[in-house]
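K.L.:
fold the stuff below for me.
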Amino acid sequence: MRPPLSHHHGHEHEHEFEPQLGLPEKLPATEKILWQGAPNWLAMARYTFHVRKLSFYFAAIILIRVFVVMTEPGLVNPGMTALISALWLGLLAFVAILILTFVAYLSAKTTVYTITNRRIVMRVGIVLTVTFNLPFKRIAAANLRALSGGRGDICVSLMESDKIAYAHLWPHARPWRFAKPEPMLRCLTNAQTVAALLTEAWSAVVSGGSVNPQPTQAVRPLEAHRQQMSVPAESVEQGYPRGMQAS
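P.N.:
Predicted coordinates for the structure are as follows:
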């Protein structure tokens with residue numbers, strides 16, 4: 001019998017009482033944590049919530065508004081009118097960008113991604129904490145999307161019979177995949193290192209083996225972005241073509 005996907009709902013401050021960081025219960029004796037990490041909140045603001053693109057968009061809107069007001073006939077003082085209009089629009093844009101940036105910060109700070117030698121665990125949620133358990137045997141593929149500065153997203157494709165609601169995953173979901181949502185480990189620092197580790201662990205489980213890295217290779221919880229793994233990063237496909245195909 002194939003192990004099903006599972007998820008656990010918790011309360012806002014449940015992570016303060018977690019038996020293990022990022023996990024709803026203690027791991028079995030045969031299972032060990034290989035890596036833990038969280039999104040980089042600045043990268044999440046840029047790539048997930050598109051704060052930079054929205055900033056350029058609002059700037060263009062403000063410039064267009066100033067041009068329209070300056071060229072409008074009949075105004076006694078078009079310069080002052082344009083300035084006041086630009087200030088109001090700028091204030092609204094600033095508030096919108098600030099809110100999105102704050103949401104990105106909270107999303108990153110309340111998230112813990114865990115890779116064990118058997119599964120991926122995603123503890124996500126700002127107000128309501130939800131934990132998703134993704135056993136390796138239920139993962140059909142994983143793909144790495146490289147971002148700037150060595151960061152990246154790792155997208156996980158599940159078996160056809162498995163599905164998690166897009167609304168439950170967001171923003172930790174691959175964009176625009178509503179019919180078949182795909183969990184995504186967002187904006188990881190040293191994403192290729194994490195992807196290589198995931199490839200090795202997934203391959204070992206699917207092939208019937210086990211993962212038992214040497215002490216120098218083990219990654220301490222929440223320290224993966226500061227460690228270097230000796231696993232070849234070339235074993236993971238970059239971009240969105242399918243990698244780690246299950247046989």
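K.L.:
which SS state does Val121 fall under?
P.N.:
strand (DSSP: H, G, I helix; E, B strand; the rest coil).
K.L.:
verify the stated contact: it with Thr131.
P.N.:
Yes - when contacts are counted by C-beta atoms under 8 Å, Val121 is listed as touching Thr131 (6.4 Å). Every residue, glycine included, has its C-beta placed from N, CA and C.
K.L.:
overlap in contacts of these two?
P.N.:
22-23 (C-beta atoms under 8 Å, 6 or more residues apart in numbering).
K.L.:
give me the mean pLDDT for the host helix or strand of Ser107.
P.N.:
If you go by DSSP states H and E, Ser107 is part of helix 78-109. Helix 78-109 shows a mean pLDDT of 94.
K.L.:
so what strands line up beside the very next helix or strand once past it?
P.N.:
Moving toward the C-terminus from helix 78-109, the next helix or strand (DSSP H and E) is strand 112-116. Strand 112-116 sits in its sheet next to strand 33-37 (antiparallel), strand 119-124 (antiparallel), going by DSSP bridges.
K.L.:
convert the C-alpha atoms of the first one to PDB, please.
P.N.:
The C-alpha trace of strand 33-37 is given here as PDB (Å, rounded to 0.1, in the frame of the first residue of the first chain):
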ATOM      1  CA  ILE A  33      16.800  15.300   9.000                       C
ATOM      2  CA  LEU A  34      19.100  15.900   6.100                       C
ATOM      3  CA  TRP A  35      18.300  19.600   5.700                       C
ATOM      4  CA  GLN A  36      16.100  22.400   7.000                       C
ATOM      5  CA  GLY A  37      15.600  25.900   5.700                       C
END
